[in-house]
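> kindly return the folded structure for what I paste below:
(chains A, B, C, D, E and F)
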Number of protein chains: 4
Amino acid sequence: MPKDTFFNLPEEKRLLIESAATDEFGEYGFDNASINRIVAAAGIAKGSFYQYFEDKVDLFKHMITKFGEQKLVYLSPVMQNPFEHDFFTLLEELYRSGLAFARDNPKAGKIGFEIFKNQTTPVFEEIYQDTRRQAGPFFESLLDQAISRGEVDPGIDKGFIIHLLIHLQAASFDYYFQTLKAGDVDLIGWTDDVMPTVNLMINFIKNGIQLQKQGVLTNDQS
Amino acid sequence: MPKDTFFNLPEEKRLLIESAATDEFGEYGFDNASINRIVAAAGIAKGSFYQYFEDKVDLFKHMITKFGEQKLVYLSPVMQNPFEHDFFTLLEELYRSGLAFARDNPKAGKIGFEIFKNQTTPVFEEIYQDTRRQAGPFFESLLDQAISRGEVDPGIDKGFIIHLLIHLQAASFDYYFQTLKAGDVDLIGWTDDVMPTVNLMINFIKNGIQLQKQGVLTNDQS
Amino acid sequence: MPKDTFFNLPEEKRLLIESAATDEFGEYGFDNASINRIVAAAGIAKGSFYQYFEDKVDLFKHMITKFGEQKLVYLSPVMQNPFEHDFFTLLEELYRSGLAFARDNPKAGKIGFEIFKNQTTPVFEEIYQDTRRQAGPFFESLLDQAISRGEVDPGIDKGFIIHLLIHLQAASFDYYFQTLKAGDVDLIGWTDDVMPTVNLMINFIKNGIQLQKQGVLTNDQS
Amino acid sequence: MPKDTFFNLPEEKRLLIESAATDEFGEYGFDNASINRIVAAAGIAKGSFYQYFEDKVDLFKHMITKFGEQKLVYLSPVMQNPFEHDFFTLLEELYRSGLAFARDNPKAGKIGFEIFKNQTTPVFEEIYQDTRRQAGPFFESLLDQAISRGEVDPGIDKGFIIHLLIHLQAASFDYYFQTLKAGDVDLIGWTDDVMPTVNLMINFIKNGIQLQKQGVLTNDQS
DNA sequence: CATGAATGAGCTTTCATTCAT
DNA sequence: GATGAATGAAAGCTCATTCAT
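Predicted coordinates for the structure are as follows:
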């Protein structure tokens, strides 16, 4: 956790540092991020950096935490009463908000999702485990409720599905930005919606891709 | 691509270098891998390295290629006539062989799957695109056939599904090794099968997780 | 010398700072001691430190002075009338008290004796000279008296012997603590006496180690 | 131990580095010695330094070893048959050669003796123990012989005396150079003899300083 | 073709000290 | 008198790469 000195900083300066960190981590990833460049971009002395943060890891964890908080803003009121809604509605809401945040803060999104994807950098392992410790039980309770309500197949392997639900959000992110890239759209000012990607993903999670043979019986739609 | 000098090397020496590279990349990842350590472990001169490879990237790409070739060995005869089999059978075979290879070569597996998971290291982008260029059309033709045969829902977004199919293999890998870790099983001599994980994944891809309302219809699951 | 501000401090705070300084210098030595750590341990502001002391040197000299004063407490009444006692009795008393102080305040002892042992750190040179300026004349007058009383060989080189007497106390310290270490004795609660070491040293200084051949005649040369 | 690369260096360059290291350690001591300054003085790249040595400690240990070897040159033939000579003759020879070496190589001497004097720098602890492991048994066998020959008082505490004999050499060094300093003599080209100091020390070790009561008997002194 | 010495920019981190509040 | 943010030089060390032999 950053030191008090950091939180005592005037907001402007604090934001400047966080912005520099976001740019640096977003462009170079954790390993290749350079504190030299960060302090240069933020216009602070190198010694000052170490009065604000323990080290590079400390800064990185702070950014992840900060992004997590910012992401909450994107949640619609739906999540305020999670148990009043259908499981797939909740999942859709989670994915939608995560993706919308990443759309508006592409560097932050990139950094945040990198966590799930790099096992070789030791610091990620720790953050990843933290995330699992938080997200795991939450998803589990959602799943339990969904099964008891007959929304989700009771035959699933819960641990496996939770693992997938976490990773598929990262996959959504990749797909979303990849499509963007292909379309050569400028990220700045991007306003189009993330719903197509979210819908594709939710539908996939719901039904898989196998064609249901018998025309008579449908098991839902999409 | 490595220079000719590398391929002209006595096999023993070549394998030694490759082994050192596998260890190093497996332990530290691409960014933190040190050529210094690799040449020390392989017992070759620093200058020799640069007569074999252009640079670190060149070596890394070579390793990825090599792992790809080794993975082919794990394919059963099923894949020799891909169009004679059911889509999900083929998919199962692909995942099974990939996972079995990763099980037997955990470092190689780790390195291989890292590709799909790290966008910040520029070299990965390139390799990733290569992989997509190869795997994409292959999956697409499989999907086309499967749809025409009525095995796969024709309503899917092919690009999205191909993206998922590629990423879910990486997710299988994570899940498989994570479970191992949790169970505290020694990797050396590990002989248990990868099929449980593969089956969970295939079943998920097929059917999703939504409970099919009408009891009459089963849509399988192993 | 510390500034007035330091001496005006409430005793509790002053002792806290001195305690932190003792710990730091005792653990790291002068060169590697960190003012950052000292102020952190003492719970004072960095700026306050520089309102109490000129710099690190100033603090260090103060600690040495303080230890010197504390050592006086260990002196028995014998030293109140130094000229009423035998030279070797006085020497024994000096060594005993010094060692007893070091036994009860091992960190302080370590710091104090470090002075005699490190010529490369400039600050030590100065403190060392101070010590010599104080201890030298005192030892000299003791020696003069001892010679005139026939206790000490008049043929000695006084300057050399004074040098030795000072250094041998440091050597006692080393030997005492080294023996402790070897014996794996826990320092906390150590109650055993320092007299064996003191006696060994005094006896050595008195008689050297040469076997006196004839009870009657001593020979030797050199 | 330095790496092979160092020993493969042309002698001229090797000596240049060693000379720079001697100057730096001699002037600043181990803790404050700067590798930056050493490489600048030696005219080599910083990276080169780390191809020659593991780290600063490695270089320092090498210098100590080197000085130890150079000191051997100062030993007279007396030491080739140590058991043919009187104990105090041998001791005199040891001290004389050590002091003569230090006289001709004052920086080396300073560095070498610093070892015995600084407990707070961890690297010294290790070198100090090494020295004790070597010197201890040697002194012990000398003492055993001396006692059996009736040269040394059998009542001594051998461990204590060995400790002293080691430390007194360092004390000689201090005294010798302190005297020099006082006399304001230029060290370069200093040719005066070290024997006065050695004789004072040997005589002290032999006889101590107590006046032998019987007027009849003299115990000389040089 | 093999070698391994040379390079210097770059890294993260610590430091004692100043000074405006 | 107390504070603690600001500073930038300096530390030890690693790196991928070059090149003369």
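> strands of chain A, start to end?
With DSSP state E, there are no strands along chain A.
> hmm, the helix or strand bottoming out on mean pLDDT in it in reach of chain B?
Sorting the helices and strands of chain A by mean pLDDT, DSSP states H and E puts helix A:158-183 at the bottom, at a mean of 80. Yes: interface with chain B: helix A:158-183 contributes A:159-161, A:163-164, A:167-168, A:171, A:174-175, A:178-179 (Cβ under 8 Å from any Cβ of the partner chain). All C-beta spots, glycine's among them, are computed from the backbone N, C-alpha and C.
> so what's the residue lying closest to A:Ser172 once chain neighbours are set aside up against?
Closest residue to A:Ser172 apart from its sequence neighbours, by Cβ to Cβ, 6 or more residues apart in numbering or on different chains: A:Met201 at 5.1 Å. A:Met201 makes contacts with A:95, A:168, A:171-172, A:175, B:160, as judged by Cβ atoms under 8 Å, 6 or more residues apart in numbering or on different chains.
> the least confident helix or strand of chain A: which residues count as buried?
Neighbour counts using 16 or more other Cβ atoms under 10 Å in any protein chain shown place A:160-177, A:180 of helix A:158-183 among the buried residues.
> counting by contacts, list what that helix packs against.
Applying 3 or more Cβ pairs under 8 Å, 6 or more residues apart in numbering or on different chains; DSSP states H and E, we find helix A:158-183 packed against helix A:87-104, helix A:106-114, helix A:122-148, helix A:195-207, helix B:158-183, helix B:195-207.
> circling back to that earlier point, out of the contacts of A:Met201, who's nearest D:His85?
Nearest to D:His85, judged by Cβ to Cβ, of the contacts of A:Met201 is A:Ala171 at 84.9 Å.
> right, and the closest one touches B:His167 too?
Yes: A:Ala171 lies in contact with B:His167 (Cβ atoms under 8 Å); the separation is 4.6 Å.
> buried set for stretch A:40-58?
By neighbour count on 16+ other Cβ under 10 Å, the buried set for stretch A:40-58 is A:41-42, A:44, A:48-49, A:52-53, A:56, A:58.
> which of those residues are close to DNA strand E?
Restricting those to those touching DNA strand E (Cβ under 7 Å from any atom of the strand) yields A:49, A:56.
> now A:Phe88: how far from B:Lys206?
Separation of A:Phe88 from B:Lys206 (Cβ to Cβ, to the nearest Å): 18 Å.
> cool, and A:Glu18?
Distance, A:Glu18 to B:Lys206, by Cβ to Cβ: 44 Å.
> quick one: which of the two has more around it?
More neighbours surround B:Lys206 than the other of A:Glu18 and B:Lys206, with 21 against 17 (other Cβ atoms under 10 Å in any protein chain shown).
> wait, the more buried one sits on A:Phe204?
No: in this structure B:Lys206 lies outside contact range of A:Phe204 using Cβ under 8 Å: 10.9 Å.
> residues contacting A:Leu16?
Contacts of A:Leu16 by Cβ under 8 Å, 6+ apart are A:42-43.
> any idea how far it is from A:Phe101?
From A:Leu16 across to A:Phe101, the span is 21 Å (Cβ to Cβ).
> care to break chain A down by domain?
A:4-56, A:73-207 (automatic domain parsing).
> is the shortest one in proximity to DNA strand F?
Put plainly, it is domain A:4-56. Yes: using Cβ under 7 Å from any atom of the strand, domain A:4-56 reaches DNA strand F at A:4-5, A:8-9, A:13, A:44-48, A:50-52.
> quick one on the thing from earlier: got the domains of chain A as a markdown table, with distance to C:Pro77 columns?
Listed next are the domains of chain A as a markdown table, based on distance: least, Cβ to Cβ, whole Å:
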| stretch | distance to C:Pro77 |
| --- | --- |
| domain A:4-56 | 53 |
| domain A:73-207 | 63 |
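> now A:Asp58: closest residue in space that isn't a chain neighbour?
Using Cβ to Cβ, 6+ apart and skipping residues adjacent in sequence, the residue nearest A:Asp58 is A:Pro2, 6.2 Å away.
> give me the phi and psi angles of A:Leu211.
Main-chain dihedrals, A:Leu211, degrees, to the nearest 10: phi -70, psi 130.
> and the nearest residue to it once chain neighbours are set aside, how far from chain D?
Nearest residue to A:Leu211, sequence neighbours excluded (Cβ to Cβ, 6+ apart): B:Asp153, at 4.6 Å. Between B:Asp153 and chain D the distance is 60 Å, computed by Cβ to the nearest Cβ, to the nearest Å.
> per-residue confidence for the residue lying closest to A:Leu90 once chain neighbours are set aside?
Distance criterion Cβ to Cβ, 6+ apart; nearest residue to A:Leu90, sequence neighbours excluded, is A:Pro82 at 5.7 Å. A:Pro82 is assigned 78 on the pLDDT scale.
> what's the spacing between the closest residue to DNA strand F within chain A and chain C?
Across chain A, the shortest distance to DNA strand F (Cβ to the nearest atom of the strand) belongs to A:Gly47, at 1.7 Å. Using Cβ to the nearest Cβ, we find A:Gly47 at a distance of 11 Å from chain C.
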